[in-house]
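# Would you be able to build a 3D model of this:
(2 chains)
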Amino acid sequence: MTSFDPRLVRGDVALLHRDINGQPITYLDSGATSLTPRAVTEAMTRYYELHHANVHRGVYQTAAEATAIYEGAREAVARFINAPGGAPEVVFTKNTTESFNLLAKSWGAANLGPGDVVLLSEMEHHANIVPWFQLRETHGITVRFIPVTDEFRLDLSNLDELLVGVKLLSITGMSNVLGTINPVAELARRAHAAGALIALDGAQSVAHGPTDVQALDIDFLTFSAHKMMGPTGIGVLWAREALLADMPPFLGGGGMIADVSVDGFTAARGPARFEAGTPPIAEAAGLLAAVQYMEHLGMANIAAHEATLTADALSRLQSTFGERVRIIGPTTTIDRGGVISLDVEGVHPHDVSQVLDQHGVCIRPGHHCAKPLMKRFGLNATARASFGPYSLTRDTDALLEALADALAMFG
Amino acid sequence: MAGLDDLYREIILDHYRSPRNRGELTAPPAVRVEGFNPLCGDEITVYIDASNGTVADIKLTGQGCSISQASSSIMSAAVKGKTIEQARETIATFKRMMTVDESGDTGEPVNLRSLGEIAALQGVVKFPVRIKCAMLSWNTFAQALDEVPAS
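All right, here's what the predicted structure looks like:
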């Protein structure tokens, strides 16, 4: 049973009760990292205070407890994304970026070579670009991009042509710059019809709405705990069990082996094969708590709440500032999440952010690790505001007031 | 607490709105060096003609925030006509002004009066995140000086 009231969520997040520059904090940077509720930090503290032991090793009670927490997190994640094969399909990494590196350097290196194409889009984060460029250097693959239209959507008019020779379509579920939500199920269907697999960058999308890997019919999924109210330092690569079984290990060391002799090693089976060394156990405890917390709120409720906030913000930004503040992304909430990138006339995004900071308003200036997208729209940077489950209309009020101040100062 | 007025002085806003020495020089004979701030996407290209040991001309292109743009404009006006040696001293003085020690106090005292409009950038040091914005053009200019062929 779910229960959602953003004011109660706010009560669970201590940071939102701080003052910044003498004003209550307005946190609008959940796209960069989301704030953690007390349930998450308490779960991590509880691990360190009561269950601190290494996992998969000791036979004493606290070691068994630590292992149960760590593996419990894997099961919770599998349930959260509806993994058909359950926990054995969930690999813990450091973050989304490491998940993509694992995907490219393990699955990619083993399965791709000259002539094989990896299809990306112009709205990808560098985490879903650079590992493929690296694979191009080492394995001679071809990297191709789906263009983005002037309306900030994927241009799928030539998709069949673009899919020729493609072995993997790797694409974001929701742009971290534009807020655009991509038609993943349709992309999966068309990729599969062309004989390709599909990987979904869920870094943004997983935290802002339900993710069902079976309904989407995707093959790989990457995301980070810290963008879904969990801690930094742990991320996920989900892969279909059959794909994971054939992937060679990425990092070597303890924990990832079945056997080691002076002659060589045999890699472990399942997720352990990719989790060399002591894993992020406290972080897994935090991720477990974050999954439970978000499930309690209800992902559909979070999506609906953020859609309401986004519609209100888009409408008021346009009515208040007109042409002086350009929205770099769709201006309706159809297939659009709560990430709003702004180009403020005559004010560089860094200066926008500086003035906003004076109002206690936290947004993110920069290229958002999406330089190909910035170049597509002739921009160097944008000022990006993004919502989370704890956001309220009064956050938008503060944003608008601070933006007016920035325009006045530089206008 | 540092206020925005410390950062966005009128001189800075003036240089941001009306940047000096914008443009390009033919390179060679001019030296052309690009500078990037990969974290924020700011970029600058510095062109200098210093073949006779003096910064006879300097031109800038690029884009960035008000601090990086104003800093480059102020720098260009300050170093134009100076000998390479004097220009290096000005860079060193500016870098000293941008230094924050661990206690959060500003670094060794700088004779602000001698700095002219450069002194307007002094407030940047109170906003540590923005120091790299102010430094970009100066570092790029320093590199350009290093690349001036020995005559």
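# Give me the neighbour count for the residue nearest to B:Asp57 when sequence neighbours are not counted.
In space, and not counting its chain neighbours, B:Asp57 is closest to B:Asp49: 4.3 Å by Cβ to Cβ, 6 or more residues apart in numbering or on different chains. No exception for glycine: its C-beta is placed from N, CA and C like everyone else's. Using other Cβ atoms under 10 Å in any protein chain shown, B:Asp49 has 19 neighbouring residues.
# Tell me how far B:Asp49 lies from A:Ala215.
According to Cβ to Cβ, to the nearest Å, B:Asp49 and A:Ala215 sit 64 Å apart.
# quick one: the worst-scoring helix or strand of chain B on mean pLDDT near chain A?
Within chain B, no helix or strand scores below helix B:4-7, which has a mean of 84 by mean pLDDT, DSSP states H and E. Yes: Helix B:4-7 comes into contact with chain A (Cβ under 8 Å from any Cβ of the partner chain), by way of B:Leu4, B:Leu7.
# Next, the buried residues of that helix.
B:Leu4, B:Leu7 (16 or more other Cβ atoms under 10 Å in any protein chain shown).
# Pull it out as CSV, backbone CA atoms only.
Provided in CSV are the C-alpha atoms of helix B:4-7 (Å, rounded to 0.1, in the frame of the first residue of the first chain):
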residue,chain,number,x,y,z
LEU,B,4,26.7,39.5,-4.5
ASP,B,5,27.8,43.1,-4.6
ASP,B,6,31.3,41.8,-3.8
LEU,B,7,31.3,39.6,-6.9
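# After it, which helix or strand is next?
Where DSSP states H and E defines the elements, the next helix or strand beyond helix B:4-7 is helix B:10-17.
# Residues in contact with whichever helix or strand comes after that following helix: which ones?
Downstream of helix B:10-17, the first helix or strand assigned by DSSP H and E is strand B:31-37. With contacts defined as Cβ atoms under 8 Å, 6 or more residues apart in numbering or on different chains, strand B:31-37 is touched by B:24-25, B:42-50, B:62, B:64, B:68, B:132-133, B:136-137, B:139-141, B:143-144, B:147-148.
# What values do phi and psi take at residue 25?
In the absence of a named chain, this looks at chain A. Backbone torsions for A:Ile25, taken as degrees, to the nearest 10, come to phi -70, psi 140.
# please go with chain B instead
phi -120, psi 150.
# do the same with A:Lys105
phi -80, psi -20.
# Double-check it against A:Leu135; I have them as touching.
Yes: if you go by Cβ atoms under 8 Å, A:Lys105 and A:Leu135 touch, sitting 7.5 Å apart.
# Which of these two has more residues huddled nearby?
Between A:Lys105 and A:Leu135, counted using other Cβ under 10 Å, A:Leu135 has the larger neighbour count: 22 against 19.
# Tell me how far the helix or strand that contains the more buried one lies from the chain's centre.
Assigned by DSSP H and E, A:Leu135 belongs to helix A:130-139. For helix A:130-139, the separation from the chain centroid amounts to 22 Å (computed by Cα atoms, centre = their mean, to the nearest Å).
# can you list contacts of it?
Contacts for helix A:130-139 (Cβ under 8 Å, 6+ apart): A:100-101, A:103-105, A:108-109, A:112-114, A:118, A:120, A:141-143, A:170.
# could you point out which element follows that helix?
strand A:142-146.
# How about the residue most central in space within chain A, nearest residue that isn't a chain neighbour?
By Cα atoms, centre = their mean, chain A has its centre lying nearest to A:Ala203, at 0.9 Å. Counting by Cβ to Cβ, 6+ apart, A:Thr96 is the residue found nearest to A:Ala203 once chain neighbours are left out, at 4.3 Å.
# residue contacts, that neighbour?
A:Thr96 sits in contact with A:His125, A:Ala127, A:Asp201, A:Gly202, A:Ala203, A:Thr222, A:Phe223, A:Ser224, A:Lys227, A:Gly235, where contact means Cβ under 8 Å, 6+ apart.
# cutoff 6 Å now
Contacts for A:Thr96 (Cβ atoms under 6 Å, 6 or more residues apart in numbering or on different chains) come out as A:Ala127, A:Ala203, A:Thr222, A:Phe223, A:Ser224, A:Gly235.
# can you check A:Met229 too?
A:Ser34, A:Thr36, A:Pro37, A:Ala290.
# Which one (most neighbours) among those?
Busiest of the contacts of A:Met229 [other Cβ under 10 Å] is A:Ala290, holding 29 neighbours.
# what's the helix or strand containing it packed up against?
Under the criterion of DSSP H and E, A:Ala290 resides in helix A:281-297. Under the contact definition 3 or more Cβ pairs under 6 Å, 6 or more residues apart in numbering or on different chains; DSSP states H and E, helix A:281-297 sits against helix A:38-46, helix A:61-80.
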